[in-house]
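S.K.: Got a predicted model here, sequence first, then my questions.
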Amino acid sequence: MLIAIPFTRSVAAFPESGGPATYGRVFGRLAGFELGWIYYIARATAFAANLNVLVSYFARWLIGADAGLARLALILGLVAAFTAINVSGVKSAMRVLGGLTLLKTLPLMLIAFAVLALAGVPAPGPLPPIGDVEAGVLIVFYAFVGFENATVTAGETRDPGRTLPQALLATIGTVALLYFIVQLAFVAVFPGGLEEGADAPLLALGDWLMGPPGALIIGLTAIFSTAGNLHSNMAATPRVTFAMAERGELPGWLAGVNRRFETPVASITFFAILVAALAVSGSFVWLAVISTLARMIIYSVTILALPRAPERPARLPASHWLLSGIGVLICIAVAAQADAKAWLTLFVLAVAGLALFGLTTATRLVTRD
């Protein structure tokens, strides 16, 4: 919340669509592009990270699906499926997303409440060592990031200055409550955690409650949940490069549209190739760390953009500067937990976007001459 509150204040002062790319443009066209590109990287690495999670759940029933050629084939097949759904049109994509949203929430909440009813609410335990908290802070933040996605369509939202802050804070609060209930149920049954090597706490929770059928229900719920996340990501993120291409910031071919379905097929295909390569080359933890690191940059710049925002308040109170300072410091502290490999990977991806921007700008200048 200490990040979300100053973030939503800044968002409220930007009534137009575009999300992070719009906020960064108050510092110049190049800064706007780079922040938009980093947002794109955050979404792409999150897709790749969650795709690895989906593969690991499938591997519970398809032995060996999370290794070797089988893993490669499953990743490519899933990316191809999500790509085909989104190329075929927005209506079909939204129907799929609506069904997945219903299937991913209700069973998880029912099982969590059933476990708490049987096992009782656990008593508070001791706090973990500071070193353990620091090691897991990036992964913990990864569970809550993504709320900035709702700001991309601000220009199409009625009264965004009031609606978006309320929606963002309500979303974060609801997600936090859901996580708390599920985690509480897990701790009630497994106060010491799972055995070393076990990496599927939700399956263990379902198995404790109902045996193998419970594990199956939880497994399917996790698959639907992850698939819904991936599907919504695939539906929205390619529109970022599509918009950038239309503005002349990226090569024009990324603005290519399928004539039959009127979808940005070129940007969808580009995104599919990128996330497939990332998913094959990295693990969930590594990709999640890069995604969180990128978002810490986005949140910091957005918070700092308020004094230059088009609809900024006439006077910014001292409480704003205090909350903004705390929010930016938290972002810096979280980003500092990333290792050199994560920073280097993000840097290389950011430079790749900068190279595309420079090439596109140079090409446009030559064409004009």
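M.R.: Great, that's in hand. Residues are numbered from 1 along each chain as shown.
S.K.: which stretches of the stretch 1-150 of the chain form helices?
M.R.: Along the stretch 1-150 of the chain, counting by DSSP state H, counting those that start in this stretch, helices occupy 4-12, 20-24, 29-58, 68-87, 90-119, 130-142.
S.K.: What residues of the fourth one count as buried?
M.R.: Of the residues in helix 68-87, those buried under the neighbour-count criterion (16 or more other CB atoms under 10 Å) are A70, R71, L74, I75, L78, V79, F82, T83, I85, N86, V87. All C-beta spots, glycine's among them, are computed from the backbone N, C-alpha and C.
S.K.: Dump those to CSV, plus distance to P310 and pLDDT.
M.R.: Formatted as CSV, the buried residues of helix 68-87 follow (distance: CB to CB, whole Å; pLDDT from 0 to 100):
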residue, distance to P310, pLDDT
A70, 52, 89
R71, 47, 90
L74, 46, 92
I75, 42, 92
L78, 41, 92
V79, 38, 94
F82, 36, 90
T83, 36, 91
I85, 37, 83
N86, 32, 81
V87, 35, 83
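S.K.: give me the low-pLDDT residue ranges for the stretch 51-200 of the chain?
M.R.: Where the stretch 51-200 of the chain drops to pLDDT under 70, the residues are 89-104, 125-141, 143-144, 146-162, 164-165, 196-199.
S.K.: Can you say which of the helices of the stretch 1-150 of the chain is packed in most?
M.R.: Burial of the helices of the stretch 1-150 of the chain is given as mean neighbour count (mean count of other CB atoms under 10 Å); helix 20-24 ranks first at a mean of 27.
S.K.: show me where the stretch 251-369 of the chain has strands.
M.R.: Counting by DSSP state E, counting those that start in this stretch, the stretch 251-369 of the chain has no strands at all.
S.K.: Can you pull out the low-pLDDT segments for it?
M.R.: In the stretch 251-369 of the chain, residues with pLDDT under 70: 368-369.
S.K.: Mind checking the helices of the stretch 1-150 of the chain for the one nearest to I297?
M.R.: Nearest of these to I297, taken as CB to CB: helix 29-58 at 5.7 Å.
S.K.: okay, the angle between the closest one and helix 68-87?
M.R.: Counting by axes from the mean of the first three to the mean of the last three CA atoms, to 10 degrees, helix 29-58 lies at 120 degrees to helix 68-87.
S.K.: Quick one: distance of helix 29-58 to the chain centre.
M.R.: Remark: helix 29-58 is offset 7 Å from the chain centroid, using CA atoms, centre = their mean, to the nearest Å.
S.K.: circling back: how about the helices of the stretch 1-150 of the chain, which one is nearest A305?
M.R.: Once those are compared by CB to CB, helix 20-24 is nearest, at 4.6 Å.
S.K.: Show me where the stretch 151-300 of the chain has its helices.
M.R.: Along the stretch 151-300 of the chain, the stretches classed as helices by DSSP H, counting those that start in this stretch are 160-189, 201-210, 212-236, 238-246, 265-281, 284-304.
S.K.: ok, S283 - how many residues close by?
M.R.: S283 has 13 neighbours, counted by other CB atoms under 10 Å.
S.K.: Repeat that for P313.
M.R.: 13.
S.K.: ok, for A31, nearest residue in space, not its chain neighbours?
M.R.: G24 (4.7 Å; CB to CB, 6 or more residues apart in numbering).
S.K.: Pull the contacting residues for the one you found.
M.R.: A31, G32, F33, E34, L35, G36, V301, A305 (CB atoms under 8 Å, 6 or more residues apart in numbering).
S.K.: Pipe the residues you listed into JSON lines and attach distance to V265 per row.
M.R.: Below are the contacts of G24 laid out as JSON lines (distance: CB to CB, whole Å):
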{"residue": "A31", "distance to V265": "29"}
{"residue": "G32", "distance to V265": "25"}
{"residue": "F33", "distance to V265": "23"}
{"residue": "E34", "distance to V265": "26"}
{"residue": "L35", "distance to V265": "26"}
{"residue": "G36", "distance to V265": "21"}
{"residue": "V301", "distance to V265": "31"}
{"residue": "A305", "distance to V265": "33"}
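S.K.: Now do A59 against A81, distance only.
M.R.: Distance of A59 to A81, computed by CB to CB, to the nearest Å: 17 Å.
S.K.: what does L349 give?
M.R.: Per CB to CB, L349 is found 25 Å from A81.
S.K.: and if you look at F261?
M.R.: From F261 over to A81 the distance is 16 Å, taken as CB to CB.
S.K.: next one: T8
M.R.: Taking CB to CB, one finds T8 at 35 Å from A81.
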